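Visitor: test case, fold it:
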Amino acid sequence: MLSIFLVFGAIFLFCISGLQAYLFSPQSQTGQKITVVLMMLGAFAGISGVALVIASPDAVSMNIPWTLPWSRFSVKIDHLGCVFLLPVFIVPALGSIYAIGYWNQKLHPENGQRLGAFFGLLAGSMALLVIAHDSVLFMIAWEVMAISAFFAATVEDDSLQVRHAGLVYLIATHIGTMFLLAMFALWRYTTGSFELNPMQSDSSAVAGTLFILAVIGFGFKAGLMPLHVWLPGAHANAPSHVSAVMSAVMLKMGIYGIVRMTSLFPSVELWWGGMLVIIGAVTGIAGIAFAIGQQDIKRILAYSSIENIGIILLGLGCALVGKYYGSVSIMAIALGGTLLHVWNHSIFKSLLFMNAGAVIHAVHSRDIEMMGGLGKRMPLTMLLFVTGAVAICALPPLNGFISEWLIYIGFFQTLDVGNTRSFTAIPLGVVALAAIGPLAIACFVKMLGTVFLGNERSSGSGHAHDPSLSMLIPMSALVALCLFIGLFPIIPLNIIRNAVFVWIGQSALELPLSMTISLGWISWISAALLLSAAGLLLLFKNKLWRKTDKKIETWSCGYSAPTRKMQYSGSSFGDSIVKLLRFMLQPSDHEPKNSLYFPKKSSFKTGVPDTVLDKLVLPVFHLAGHYFPMVRVFQRGHIHMYVLYILIIVLVLFVLGR
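Guide: Next up, the predicted model:
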């Protein structure tokens with residue numbers, strides 16, 4: 001029970017961490033410093049509680065009555081929940097430290113208190129959601145998470161763009177909530193209880209309906225294509241440490257919901273895995289393709305998060321196929337890679353969002369076309385970005401490589417079982433995973449070259465400098481985690497291994513040791529690559545030190561007097577890929593229209609709008625906004641008219657029910 005009390009203590013400290021700032025002046029930094037202390041204490045308590053559960057072979061639970069009908073205050077912490085709890089306790093705590101330099105209370109008296117209060121509430125609600133063992137408590141935590149994320153992401157509500165992004169998020173998240181309410185209602189009808197215990201028996205029709213409702217309801221929060229419409233705008237317009245928590249942790253609450261629900265069914269259907277593989281393939285490829293076409297540095301990272309959610313779904317779909325065929329090896333390897341990628345994405349994506357925040361803080365712009373040459377003025381920031389980029393591109397020796405490699409192994413093993421001739425989703429998943437990798441590399445090479453290399457593209461870049469220590473420390477801690485998992489993958493996989501058998505429903509002794517025993521060579525290769533990179537860097541630095549200081553311009557296609565405008569832009573770099581995927585991205589090109597004899601000054605502009613939001617969802621809403629006011633004729637304001645409406649509906653129901 002000590003572990004439960006520690007986790008509850010962490011939730012309590014997180015939830016109150018920002019409230020005490022209201023006891024001080026809006027310009028006072030004392031409240032913000034106390035917030036950081038409470039967040040760190042909460043993280044320490046939460047991690048300690050999780051460590052006790054990990055060290056124990058059994059889950060811990062608490063089930064007590066409360067005043068709400070048909071349910072109980074039931075919580076449970078098992079090894080599967082611990083996988084999702086660790087990012088909840090780590091990333092927000094680091095984000096609170098980051099906020100001291102990024103969103104200083106003294107410089108933001110108009111919204112700093114509000115941001116701190118809802119930031120802590122967001123972290124606490126996510127922890128409560130993971131340990132909730134009753135669907136009523138789960139939905140309460142889910143709604144608190146949704147609302148607190150809305151208020152944290154829209155603190156700059158004086159901006160029309162921020163308000164628009166917040167409104168889209170609010171509508172999308174509550175549409176997803178409606179599907180979850182339907183799912184839990186059907187769950188209680190089927191099992192007779194709101195508690196999330198494994199089903200004893202189920203019909204394929206009911207189980208399939210529950211699965212579809214879970215994928216749609218949780219998919220809105222996870223950002224699956226085409227349910228992602230809220231994600232790019234919300235992540236781009238939120239403060240960067242809020243974006244880090246939303247992308248690295250909150251999206252995983254949607255993944256947690258799907259993983260948890262699929263663990264409760266006694267059996268699965270083959271099409272479940274195929275459906276997730278197809279959705280994962282579309283989400284992964286489309287996500288990184290849209291990222292390449294963006295110019296907003298945070299929108300690039302937001303679409304990249306969608307890509308990584310697609311990778312996670314690919315692994316989970318492969319694990320479900322293994323569960324259908326009864327292959328413990330496939331389940332262990334595919335789900336192990338999936339859960340490890342949940343950790344990895346939480347680490348390197350929060351690092352990259354914080355890094356983007358440091359860049360935005362320095363140049364006061366999110367447009368990468370207004371940056372350039374920042375590597376000379378922000379060398380530490382560039383080094384941290386390169387580390388995060390290598391990790392997210394799944395390149396050794398960092399952590400992203402091992403999780404994607406395990407998912408690959410799971411796919412290849414699945415090709416050897418069952419009737420693969422009638423199940424073509426697995427080869428599709430392999431091809432999709434292979435396509436995502438080079439596209440991700442192209443995306444982050446574009447970011448590196450446009451933001452940090454070349455010459456300055458605007459006057460704002462000339463005053464840039466590395467961020468303060470309070471911003472560098474959290475990013476450095478995340479880099480250390482990337483290196484640790486990349487060099488020693490067996491250690492986190494041994495923790496994840498226990499979470500895998502919770503999902504499988506078998507004892508740990510029955511899981512294959514091949515999931516960890518064959519990974520020792522990765523540590524040696526990763527260490528060799530890291531040492532080689534360090535040696536090359538030192539050699540390069542020594543070579544530079546011997547040279548005399550001579551300032552020259554970046555080479556620009558042989559021009560004798562190059563200017564900053566002659567550089568390749570980010571749009572130019574990604575243009576060939578955007579054109580190749582034009583059928584999906586639907587780019588908008590605004591070409592100049594010059595007169596024949598006396599042309600005026602003109603310009604060329606290209607962009608990649610969100611196809612689903614801008615060309616499907618918003619037009620439908622605008623159409624509804626035009627025609628729906630016509631039904632106001634029924635809103636007379638007279639009670640006797642409303643009674644008549646009720647009577648008509650009751651009569652219709654009587655007729656239909658006969």
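Visitor: what residues does stretch 605-612 touch?
Guide: Defining contact as Cβ atoms under 8 Å, 6 or more residues apart in numbering, one finds that stretch 605-612 is touched by 225-226, 228-229, 232, 290, 293-295, 571, 575, 578, 584-590, 615. In this view, the C-beta of every residue, glycine as well, is placed from N, C-alpha and C.
Visitor: let me see the mean pLDDT of that stretch.
Guide: With pLDDT averaged residue by residue, stretch 605-612 scores 82.
Visitor: how about stretch 331-349?
Guide: The pLDDT scores in stretch 331-349 average 93.
Visitor: returning to that earlier point: which of the contacts of stretch 605-612 fall in strands?
Guide: Counting by DSSP state E, the part of the contacts of stretch 605-612 found in strands is Ser588, Asp589, His590.
Visitor: the contacts of stretch 605-612 in helices, which ones?
Guide: Among the contacts of stretch 605-612, the members found in helices (DSSP state H) are Pro232, Phe290, Ser571, Asp575, Val578, Met584, Leu585.
Visitor: adding neighbour count, pLDDT and distance to Ala624, write those residues out as TSV.
Guide: Below are the ones in helices among the contacts of stretch 605-612 laid out as TSV (neighbours: other Cβ atoms under 10 Å; pLDDT from 0 to 100; distance: Cβ to Cβ, whole Å):
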residue	neighbour count	pLDDT	distance to Ala624
Pro232	27	92	22
Phe290	29	93	26
Ser571	22	79	34
Asp575	16	80	36
Val578	22	85	31
Met584	16	84	26
Leu585	20	83	26
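Visitor: pick out the most distant pair among the residues you listed.
Guide: Pro232 and Asp575 (20.1 Å; Cβ to Cβ).
Visitor: did I read that right, Asp61 in a helix?
Guide: Check again: residue 61 is Ser, not Asp. No: using DSSP: H, G, I helix; E, B strand; the rest coil, the secondary structure at Ser61 is strand, not a helix.
Visitor: if I look at it, how far off is Met447?
Guide: Per Cβ to Cβ, to the nearest Å, Ser61 is found 45 Å from Met447.
Visitor: more neighbours: those two, which one.
Guide: Legend: neighbour count by other Cβ atoms under 10 Å for Ser61 and Met447, higher for Met447 (26 against 14).
Visitor: ok, then the element right after whichever strand or helix holds the more buried one?
Guide: Under the criterion of DSSP states H and E, Met447 resides in helix 425-451. Next along the chain after helix 425-451, taking DSSP H and E as the criterion, comes helix 469-487.
Visitor: how about the nearest residue to Leu313, chain neighbours excluded?
Guide: Nearest residue to Leu313, sequence neighbours excluded (Cβ to Cβ, 6 or more residues apart in numbering): Gly280, at 3.2 Å.
Visitor: low-confidence ranges in the protein?
Guide: Where the chain drops to pLDDT under 70, the residues are 202, 418-423, 460, 462, 506-521, 541, 543-564, 593-599, 636, 657-658.
Visitor: looking at the record's assignment, how would you partition it?
Guide: Domain assignment for the chain by automatic domain parsing gives 268-539+565-591+603-609, 612-657.
Visitor: strands along the stretch 51-200 of the chain, start to end?
Guide: If DSSP state E, counting those that start in this stretch is used as the criterion, the strands of the stretch 51-200 of the chain fall at 60-65, 72-77.
Visitor: follow-up on the earlier one: return the member of the ones in helices among the contacts of stretch 605-612 nearest to Trp524.
Guide: Of all these, Trp524 sits closest to Phe290, with 37.6 Å by Cβ to Cβ.
Visitor: that's a helix at the residue nearest to Leu313, yeah?
Guide: Yes: checked against three-state DSSP, Gly280 lies within a helix.
Visitor: most packed of the strands of the stretch 51-200 of the chain?
Guide: Ranked by mean neighbour count, those are led by strand 72-77 with a mean of 21 (mean count of other Cβ atoms under 10 Å).
Visitor: thinking again about what came up before, tabulate the strands of the stretch 51-200 of the chain (a markdown table), appending distance to Ala21.
Guide: Output for the strands of the stretch 51-200 of the chain, formatted as a markdown table (distance: least, Cβ to Cβ, whole Å):
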| stretch | distance to Ala21 |
| --- | --- |
| strand 60-65 | 31 |
| strand 72-77 | 28 |
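Visitor: pick out the residue nearest the middle of the protein.
Guide: In the chain, the C-alpha nearest the mean C-alpha coordinate belongs to Ser247, at 3.1 Å (Cα atoms, centre = their mean).
Visitor: residues contacting that one?
Guide: His235, Leu301, Ala302, Ser305, Lys349, Ser350, Phe353.
Visitor: 7 Å instead?
Guide: His235, Ala302, Ser305, Lys349, Phe353 (Cβ atoms under 7 Å, 6 or more residues apart in numbering).
Visitor: which parts of the stretch 501-650 of the chain are helices?
Guide: 514-517, 520-546, 570-580, 582-585, 611-612, 618-627, 639-657 (DSSP state H, counting those that start in this stretch).
Visitor: just so I know, which of these lies nearest Met371?
Guide: Of all these, it is helix 570-580 that lies closest to Met371, at 8.9 Å by Cβ to Cβ.
Visitor: in PDB, list the C-alpha atoms belonging to stretch 111-120.
Guide: Taking Å, rounded to 0.1, in the frame of the first residue of the first chain, the C-alpha atoms of stretch 111-120 are listed here in PDB:
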ATOM      1  CA  ASN A 111      -1.100  34.500 -17.400                       C
ATOM      2  CA  GLY A 112       1.800  32.900 -15.500                       C
ATOM      3  CA  GLN A 113      -0.300  31.900 -12.500                       C
ATOM      4  CA  ARG A 114      -3.000  30.400 -14.700                       C
ATOM      5  CA  LEU A 115      -0.400  28.400 -16.700                       C
ATOM      6  CA  GLY A 116       1.300  27.000 -13.600                       C
ATOM      7  CA  ALA A 117      -2.000  26.000 -12.000                       C
ATOM      8  CA  PHE A 118      -3.300  24.100 -15.100                       C
ATOM      9  CA  PHE A 119       0.100  22.700 -15.900                       C
ATOM     10  CA  GLY A 120       0.200  20.900 -12.600                       C
END
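Visitor: chain center to it: distance?
Guide: 21 Å (Cα atoms, centre = their mean, to the nearest Å).
Visitor: can you check stretch 614-630 too?
Guide: Put simply, stretch 614-630 sits 29 Å off its chain's centre (Cα atoms, centre = their mean).
Visitor: residues touching it, excluding its own?
Guide: Under the contact criterion Cβ under 7 Å, 6+ apart, stretch 614-630 has outside partners Val229, Gln586.
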